[in-house]
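Structure for this input, please:
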Amino acid sequence: MSFATAVRTCFEKYGTFEGRAKRSEFWWWMLFQTLVTVVVALIGLGFLLAASAGSPGGQASGPLLVVGMVFYVLAVLIGLALLVPTYAVGCRRLHDRGMSGWLQLLLLVPCGNIALLVLWVLGGTPGRNNYGEELG
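Purely as a prediction, here's the structure:
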């Protein structure tokens with residue numbers, strides 16, 4: 001699955017926690033959502049640094065500060081908007097392994113993210129499982 005196809009699929013299945021997702025769909029989506037939020041946040045940081053560099057004593061003020069803060073708020077809003085499809089594709093990825101999507105609650109446990117990362121990296125179960133047919 002290509003990058004564009006994976007992103008389109010995740011937007012089409014925005015809140016779909018049923019079915020299966022291949023590794024490529026999951027990892028392309030994770031790259032997309034990380035790049036989008038980081039790029040917007042870095043643009044905001046650039047404006048904030050420009051605002052503080054141009055003022056005496058390093059005190060940020062003026063229109064560059066406002067633009068920087070707008071970009072930071074935008075990065076948070078984008079992150080929140082992409083949260084549902086991120087959890088949905090993570091759930092479908094676990095389904096591809098034949099596991100429950102509720103295992104994503106491991107993210108709340110210390111070091112649970114490492115175990116979840118291993119599960120996301122492993123290949124899916126061949127053939128049919130409780131969550132549907134193997135994706136081609």
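
longest helix in the protein, by residue count?
helix 23-53 (DSSP state H).

so where is the protein shaky, pLDDT-wise?
Within the chain, the ranges that satisfy pLDDT under 70 run 54-61, 136.

Quick one: the helices in it, in order.
3-12, 23-53, 63-81, 83-96, 112-121.

For burial, what's the neighbour tally of residue 12?
9 (other Cβ atoms under 10 Å). Glycine gets a C-beta too; all of them are placed from N, C-alpha and C.

which ones are touching the nearest residue to residue 74 once chain neighbours are set aside?
Take residue 74 and drop its neighbours on the chain: the residue closest to it by Cβ to Cβ, 6 or more residues apart in numbering is residue 40, 5.6 Å away. Listed by Cβ atoms under 8 Å, 6 or more residues apart in numbering, the contact set of residue 40 reads 71, 74, 75, 78.

Relative to residue 23, how far out is residue 40?
26 Å (Cβ to Cβ, to the nearest Å).

picking up where we left off before, let me have the contacts of residue 40 in a markdown table, extended by distance to residue 51 and neighbour count.
Converted to a markdown table, the contacts of residue 40 look like this (distance: Cβ to Cβ, whole Å; neighbours: other Cβ atoms under 10 Å):
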| residue | distance to residue 51 | neighbour count |
| --- | --- | --- |
| 71 | 12 | 20 |
| 74 | 16 | 15 |
| 75 | 17 | 20 |
| 78 | 22 | 16 |
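
Show the contacting residues for the residue lying closest to residue 126 once chain neighbours are set aside.
Spatial nearest neighbour of residue 126, excluding adjacent residues (Cβ to Cβ, 6+ apart): residue 134 at 6.0 Å. Counting by Cβ under 8 Å, 6+ apart, residue 134 touches 20, 124, 125, 126, 127, 128.

Most neighbours of all those, which one?
residue 20 (21 neighbours).

Help me confirm that that residue comes into contact with residue 95.
Yes. Proximity of residue 20 to residue 95 meets the contact threshold set by Cβ atoms under 8 Å, at 5.0 Å.
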